[in-house]
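>>> The amino acid sequence is not available; the structure is as follows:
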């Protein structure tokens, strides 16, 4: 039985949401996973400190996932690796404006970062995942069309809905795939993005995300679940 290995892509997380990625990396290390995580650029982050303390079980790669050539370069560097889990975590928000007031450049930036970039990583690195492995993407219940009864956060909601739809397209093109495909809702988490009134701390959300990932292993098909393992309506 080969060691469990996972790729956590954290390249395009904004400053306010970075705690989710390192938190998940630390939780997976605690659960005896070997982890490859990514950061933007070459600057030192808390992930590097975590890697130094991990005894070689966490390695940090550089990646800007909105740049296709960097995604390809990472795939080449990992070409001889087999991953049990590919988990892509990327999200930004640029304010709460009605969609008609959103500048075109902001619309493009959010859609590329939250939907196109993650799916490029899935398409490129997906072949490295073992037949019994898992491909997961961090989504949100704000991407649920049926749950949107209050409105607000138009662009962020639309970007997460687009991500969900693109994962559905990926699943449809790989209908014979034996791997688990996950869209994960971590809950409303108290980061700068989530705000101080959010329901969950990172420490409360991340263990549930990791537990759900582990429990879904070996269950092929696409699943949209929250950090408690409950189904999120489309």
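In hand now; what should we look at? Predicted model only: the values in this text are computed from it and were never measured.
>>> Show residues contacting stretch 57-76.
Contacts with stretch 57-76, where a contact means Cβ atoms under 8 Å, 6 or more residues apart in numbering, come from 9, 11-12, 25, 29, 33-42, 45, 47-48, 50-51, 77, 88, 90, 112-113, 116-118, 120-121, 124-125, 128. Where C-beta positions appear, they are placed from N, C-alpha and C, glycine not excepted.
>>> Pull out the buried members of the residues you listed.
Buried by 16 or more other Cβ atoms under 10 Å: 9, 11-12, 25, 29, 33-40, 45, 47, 50-51, 88, 90, 112-113, 116-118, 120-121, 124-125, 128, out of these.
>>> From residue 197, how far out is residue 190?
8 Å (Cβ to Cβ, to the nearest Å).
>>> Which one of these two is surrounded by more residues?
Between residue 190 and residue 197, counting by other Cβ atoms under 10 Å, residue 190 is the more crowded of the two (18 against 7).
>>> Excluding sequence neighbours, find me the nearest residue to that one.
residue 198 (4.3 Å; Cβ to Cβ, 6 or more residues apart in numbering).
>>> Just give me the neighbour total for that neighbour.
14.
>>> And the strands in this protein?
5-9, 34-39, 58-62, 83-88, 129-138, 180-185, 221-226 (DSSP state E).
>>> What lies in contact with the last one?
By Cβ under 8 Å, 6+ apart, the residues outside strand 221-226 that reach it are 139, 141, 144, 164, 167-168, 171, 180-187, 208, 212, 216, 231-234.
>>> Distance from the chain centre to that strand, please.
Relative to the centre of its chain, strand 221-226 is centred 13 Å away, using Cα atoms, centre = their mean, to the nearest Å.
>>> Buried residues in it, which are they?
Those would be 222-226, for strand 221-226 by 16+ other Cβ under 10 Å.
>>> any low-confidence regions in the chain?
1-4, 7-19, 192-193 (pLDDT under 70).
>>> List only buried entries from the contacts of strand 221-226.
139, 141, 144, 164, 167, 171, 180-187, 208, 212, 216, 232.
>>> Contacts for the longest helix that the chain contains, please.
Using DSSP state H, we find that the single longest helix of the chain is helix 154-173. With contacts defined as Cβ under 8 Å, 6+ apart, helix 154-173 is touched by 91, 93-94, 96-99, 102, 106-107, 110-111, 113-116, 118-119, 122-123, 137, 139-140, 142-145, 148, 177, 181, 183, 221-222, 224, 234.
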